[in-house]
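K.L.:
Any chance you could fold what I've pasted below:
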Amino acid sequence: MTDAVLLNVQGLHCEGCANAVKKIVARAHPEAETQVDLSAKLVRVTGVSDAAAMAETLTKGGYPATPAS
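P.N.:
Residues are numbered from 1 along each chain as shown. Below you'll find the predicted structure:
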């Protein structure tokens, strides 16, 4: 089974935001796959197991994030 994390991300308003989030994830984890749900403001990152660390990475990149419950 592949690890994945689900994050609540603030500031997701458009495709440009979604692409920016994907780039932030790709810089930190080039092997990860990122799916963005703009309407729910959720980001699923497959290939990453530490939700808190991924949330911190996105927050530092300008998109405040928290692990989704």
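K.L.:
From now on I want contacts and neighbour counts done on CA atoms only, so please keep to that.
P.N.:
Will do.
K.L.:
Need the distance between the two termini of stretch 26-42.
P.N.:
17 Å (CA to CA, to the nearest Å).
K.L.:
Contacts only, for the residue nearest to residue 15 when sequence neighbours are not counted.
P.N.:
Among residues not flanking residue 15 along the chain, residue 38 sits closest, at 8.0 Å (CA to CA, 6 or more residues apart in numbering). Contacts here follow CA atoms under 8 Å, 6 or more residues apart in numbering; on that basis residue 38 touches 12-15, 18.
K.L.:
so what's the backbone phi/psi at residue 65?
P.N.:
phi -140, psi 150 (degrees, to the nearest 10).
K.L.:
List the beta-bridge partners for it.
P.N.:
residue 9 (DSSP bridges).
K.L.:
And for it, the neighbour number?
P.N.:
Per other CA atoms under 10 Å, the neighbour tally for residue 65 reads 25.
K.L.:
Look up the closest residue to the most centrally placed residue in the chain, ignoring the ones flanking it.
P.N.:
Centroid-nearest residue in the chain, with CA atoms, centre = their mean: residue 43, separated by 4.5 Å. Of all residues not flanking residue 43 in the chain, residue 36 sits nearest, at 4.6 Å (CA to CA, 6+ apart).
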